[in-house]
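J.: for reference, the sequence and a predicted model appear below.
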Amino acid sequence: MRRREFITLLGGAAAWPLAARAQQPAMPVVGLLSSRSPGEATASVAALRAGLAKGGYVEGQNVAIEYRWAEGHYDRLPALAVELTRRQVAVIVAMGGEPSALAAKAATQSIPIVFNSGGDPVAAGLVASLNRPGGNATGVSMLFVEHGPKQLEILNELIPELAVIAVLVNPTFPVYAEKEANDALGAGRALGKEVHIVTASSEGEIGTAFEDLVKHRAGALMVAPDPFLFDRREQLVALAARHIIPAMYFSREFSEAGGLMSYGTSVAEVYQQVGAYAGRILKGEKPADLPVVQPIKLELVINLKTAKALGLEIPPKVLALADEVIE
């Protein structure tokens, strides 16, 4: 073999790995759009990754995740959603309830969307129906906004002598706030209790809301489900302790942070399901063919340490209802 032919052959062989690498498919990208903040959402993101892993997808190995956080500022979500569509992600995970899901839905009608919804996704316009979502979106309905009457009922069983119960809502997202307020007022009338609605959409307004409920002599507080309020759970729990206000929350994360009690769907299970759906879509399934999941299990969590600090004795009837007691 001539020297020039040998060198040419070697050069071609050296190029083969480069050509092979160039032909390898690009790693799929999941766009995560959240109304929440990265620091407080660590556990939820871990649950999402666990759901993806069930489908064989591990971040950094065979899937990438682009994160966009609104940090409680819902008005930032539309622009963040557009950023993800321009990035041409394979699927958008809309994390943090309807604010994120609606922003994603408005930004694209072609990129698949997997959401978690706090209320009725059909009424919100996210899907055509639960069994047959249609369009490009599906996900999990946590039904948080449906649990208010039951939460007030448990509060009443805990403290029967209550005259006034305050309900904290975030007015920034009326889809949640109006229903939560109306349901609470109706449940209060059924129980013979006065319900006082207080509002907050910023850290400063949360402090003002507590001053307001103290002024109106509220004997207990119910925090209505909302991504912003979930994001500020440490502040809410601390203020309830400072003002010696028994409080009912909508997820176990509040009770784990020192809140008195919580009743609602498991957030971790929801995000695992969201991750699992995202994985199935990456494998080729269509959102229109994946029914919206409705969690069956609701959990009542009671923090006995907080109850003692508030001078409350939990009635046996309420304790018997608890799925978990934190001591």
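T.: Yes, it's here. Numbering: from 1, shown residues only.
J.: residues contacting the residue nearest to the spatial centre of the chain?
T.: The residue lying closest to the centre of the chain (C-alpha atoms, centre = their mean) is Gly96, at 3.8 Å. By C-beta atoms under 8 Å, 6 or more residues apart in numbering, the residues touching Gly96 are Ser34, Ser35, Arg36, Ala70, Asn116, Pro227, Phe230. Any C-beta I mention is one placed from the backbone N, CA and C, and that applies to glycine too.
J.: from memory the last one sits against Glu253, does it?
T.: Yes - with contact defined as C-beta atoms under 8 Å, Phe230 reaches Glu253; the gap is 7.2 Å.
J.: those two: which is more packed in?
T.: Under the criterion of other C-beta atoms under 10 Å, the comparison of Phe230 against Glu253 puts Phe230 first, with 28 against 22.
J.: backbone phi and psi for that one, please?
T.: phi -60, psi -40 (degrees, to the nearest 10).
J.: OK, contacts around it?
T.: Taking C-beta under 8 Å, 6+ apart, we find Phe230 in contact with Arg36, Glu40, Gly96, Phe250, Ser251, Glu253.
J.: in JSON lines: those residues, plus secondary structure.
T.: Listed next are the contacts of Phe230 as JSON lines, based on DSSP: H, G, I helix; E, B strand; the rest coil:
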{"residue": "Arg36", "secondary structure": "coil"}
{"residue": "Glu40", "secondary structure": "coil"}
{"residue": "Gly96", "secondary structure": "coil"}
{"residue": "Phe250", "secondary structure": "coil"}
{"residue": "Ser251", "secondary structure": "coil"}
{"residue": "Glu253", "secondary structure": "helix"}
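J.: as CSV, the residues you listed with pLDDT would be great.
T.: Output for these, formatted as CSV (pLDDT from 0 to 100):
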residue, pLDDT
Arg36, 93
Glu40, 89
Gly96, 89
Phe250, 93
Ser251, 92
Glu253, 94
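J.: those helices in the stretch 1-150 of the chain, which residues are they?
T.: 3-23, 42-54, 77-86, 98-107, 148-158 (DSSP state H, counting those that start in this stretch).
J.: the stretch 151-300 of the chain too?
T.: Counting by DSSP H, counting those that start in this stretch, the helices of the stretch 151-300 of the chain are 174-191, 203-215, 227-231, 233-242, 252-256, 267-282.
J.: closest one to Ala50 among these?
T.: helix 267-282 (5.4 Å; C-beta to C-beta).
J.: what does that closest one contact?
T.: 28, 30, 43-45, 47-57, 63, 90-91, 93, 95, 112, 114-116, 138-140, 142, 251-253, 287, 290, 293, 295, 297.
J.: isn't Ile302 right next to Ser255, touching?
T.: Yes - with contact defined as C-beta under 8 Å, Ile302 reaches Ser255; the gap is 7.0 Å.
J.: got any residues that touch both of those two?
T.: With C-beta under 8 Å, 6+ apart, Ile302 and Ser255 have common neighbours Met261, Ile326.
J.: rewinding a little: save the contacts of Phe230 as a markdown table, and put in distance to Glu211 too.
T.: Shown next, in a markdown table, are the contacts of Phe230 (distance: C-beta to C-beta, whole Å):
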| residue | distance to Glu211 |
| --- | --- |
| Arg36 | 26 |
| Glu40 | 24 |
| Gly96 | 27 |
| Phe250 | 22 |
| Ser251 | 25 |
| Glu253 | 25 |
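J.: mean pLDDT lowest for which of the helices of the stretch 1-150 of the chain?
T.: Here the lowest mean pLDDT among the helices of the stretch 1-150 of the chain goes to helix 3-23, at a mean of 44.
J.: report the lowest-confidence entry in the contacts of Gly96.
T.: Among those, pLDDT bottoms out at Pro227, giving 88.
J.: got a list of what that one touches?
T.: Counting by C-beta under 8 Å, 6+ apart, Pro227 has contacts Ser34, Ser35, Arg36, Gly72, Gly96, Gly97, Pro99, Ser100, Gly118.
J.: next, count neighbours for the second one.
T.: Read it as Ser35. 30.
J.: and for the last one?
T.: Here the count is done by other C-beta under 10 Å, and Gly118 has 30 residues near it.
J.: does it touch Leu229 like I think?
T.: No - Gly118 lies out of contact with Leu229 (C-beta under 8 Å); the separation is 11.0 Å.
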